[in-house]
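[1] Fold the following for me, if possible:
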Amino acid sequence: MRTLETNTSGSVSEFILLGFLCLRDLQFFLFVLFSIIYFLILMGNTTIICAVWSSWKLYTPMYILLANFSFLEICYVSSNVPKMLANIISQTTSISSAGCLLQFYYFFSMGVAESLFLSVMSFDQFLAICRPLHYPIIMTRRLCVLLVVFCWAGGFLWLLTPLILIFQVPFCGPNTVDHFLCDLAPLLALSCAPVSGIRLICGIVSSLIIFLTLLYILGTYFCVLNVVLRMSSGSGRQKALSTCAFHLAAVSLFCGSVMVMHGSPGSGEYPGIQKFVTLFYALATPFFNLVIYNFQNKDMEEALIKFLSVLLKEILKDSKSLI
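    The predicted model follows:
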């Protein structure tokens, strides 16, 4: 264990992330498993972005939102997974205090943006199913761009207040964080000053975005299901129900794990559970979203197959020219 490092003012200048305390062989297994999942998330979402960009058929609001959602997932996992993988195989697991707070801000801002994107995508589904005749008039490309900007900007602006408050918290030691990333609860537990007010404000801010977006999503899908169940066409009803089921599954995975982590009292008192739940919504949820939101869509499947076939032909052509 490294010794506590402080700056000239006596405050902590770096934190030690304990990560996953287990046998070396198990750590190597976790490193390989997490690396594979991370690689699949990066490649899968990058391929989806390229498929949408290269297919004029997918230049619609729904797929523009999906492409942005895929880019968000890349940013989301990249905010914590590379550092986590480095800490698993490295003897040095330190992170500067500024880097720790910035990781917290970036990671959870991506989480807020994901909640907003899930809400916007549920709104798109609501318009497509409940207001199909008005959909082209309401969901214009201009509105789609505004919604995308709203999601990205909202993600970063929502957590500015918690970030400013946490930057003012004094950390005098110890500097050991029993987590694989800089989460709020273990960070505030290391404060050498009372933080009950900051904890309350941060809890309110996080709870508001979780419950407001969840209630909005459930409300829109309640309206959607109400319309779907009254459809006369059996095939149309089945297709709509399938789409809603996939989207609700993605929402349940993300919002459910976040609510368990940040919405339940005393959740931060059990580091093991805290790590597991955080790992689930930090790595497992983006992997499942990759399948749920994209590969169950026939138009997306066709675009992906077309894009990959063109890419493979170009690779074979270049390899033949080298030979």
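
[2] which residues of the stretch 1-150 of the chain score low on pLDDT?
    Along the stretch 1-150 of the chain, the parts satisfying pLDDT under 70 run over 1-10, 23.

[3] And the strands in it?
    14-17, 94-96 (DSSP state E, counting those that start in this stretch).

[4] from the ones you listed, which stretch is densest packed?
    Neighbour counts (mean count of other C-beta atoms under 10 Å) averaged over each of the strands of the stretch 1-150 of the chain peak at strand 14-17, with a mean of 21. Any C-beta I mention is one placed from the backbone N, CA and C, and that applies to glycine too.

[5] Alpha carbons of it, in CSV - could you do that?
    The C-alpha coordinates for strand 14-17 follow below in CSV (Å, rounded to 0.1, in the frame of the first residue of the first chain):
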residue,chain,number,x,y,z
GLU,A,14,-4.1,11.7,-4.9
PHE,A,15,-6.4,8.8,-4.1
ILE,A,16,-5.7,5.0,-4.1
LEU,A,17,-8.4,3.0,-5.9
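
[6] Starting from that strand, tell me which strands it pairs with and how they run.
    strand 94-96 (antiparallel), strand 176-177 (parallel) (DSSP bridges).

[7] Please tell me how far the residue lying closest to Leu188 once chain neighbours are set aside sits from Pro162.
    Excluding the flanking residues, the one nearest Leu188 by C-beta to C-beta, 6 or more residues apart in numbering is Val195, at 4.8 Å. Distance check for Val195 against Pro162: by C-beta to C-beta, to the nearest Å, it reads 12 Å.

[8] what's the answer for Thr176, then?
    In terms of C-beta to C-beta, Thr176 sits 22 Å off from Pro162.

[9] more neighbours, the two?
    Shown here are Thr176 and Pro162; by other C-beta atoms under 10 Å, Pro162 has more neighbours (20 against 16).

[10] check contacts around the more buried one.
    Applying C-beta atoms under 8 Å, 6 or more residues apart in numbering, we find Pro162 in contact with 184, 198, 201-202, 205-206.

[11] which one of the residues you listed is nearest Leu26?
    Leu184 (27.4 Å; C-beta to C-beta).

[12] Surely the closest one is in contact with Phe104?
    Yes. If you go by C-beta atoms under 8 Å, Leu184 and Phe104 touch, sitting 6.8 Å apart.

[13] okay, and the common contacts of those two?
    Ile166.

[14] where does the closest residue to Phe104 other than its chain neighbours land on pLDDT?
    Nearest non-adjacent residue to Phe104, counting by C-beta to C-beta, 6+ apart: Cys182, 4.4 Å away. Looking at Cys182, its pLDDT is 87.

[15] So Cys182, which state does it fall into?
    Following DSSP: H, G, I helix; E, B strand; the rest coil, the label given to Cys182 is coil.

[16] how much space between it and Ser90?
    Taking C-beta to C-beta, one finds Cys182 at 17 Å from Ser90.

[17] Have a look at those two and say which one is more surrounded.
    Using other C-beta under 10 Å as the criterion, Cys182 and Ser90 rank with Cys182 on top: 25 against 11.

[18] which residues in the protein form helices?
    24-54, 61-78, 81-89, 97-130, 135-138, 141-158, 160-167, 184-188, 196-228, 234-262, 271-279, 285-290, 298-322 (DSSP state H).

[19] Ok, which of those comes nearest Ser11?
    Of these, nearest to Ser11 by C-beta to C-beta is helix 97-130, at 7.6 Å.

[20] Which positions within that closest one qualify as buried?
    97, 100-129 (16 or more other C-beta atoms under 10 Å).

[21] what do you get for stretch 21-36?
    By neighbour count with 16+ other C-beta under 10 Å, stretch 21-36 contains the buried residues 27, 30-31, 34.

[22] I'd like the distance from it to the chain centre, please.
    22 Å (C-alpha atoms, centre = their mean, to the nearest Å).

[23] Also stretch 144-155?
    15 Å.

[24] now stretch 109-119
    With C-alpha atoms, centre = their mean, you get 7 Å for stretch 109-119.

[25] Can you show me the CA trace of that stretch as CSV?
    Coordinates of each C-alpha in stretch 109-119 appear next as CSV, following Å, rounded to 0.1, in the frame of the first residue of the first chain:
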residue,chain,number,x,y,z
SER,A,109,-22.5,13.2,-16.7
MET,A,110,-22.6,10.5,-19.3
GLY,A,111,-25.0,8.6,-17.1
VAL,A,112,-27.4,11.7,-16.9
ALA,A,113,-27.1,12.1,-20.7
GLU,A,114,-28.0,8.4,-21.1
SER,A,115,-31.1,8.9,-19.0
LEU,A,116,-32.1,11.9,-21.2
PHE,A,117,-31.5,10.0,-24.4
LEU,A,118,-33.6,7.1,-23.1
SER,A,119,-36.4,9.7,-22.5
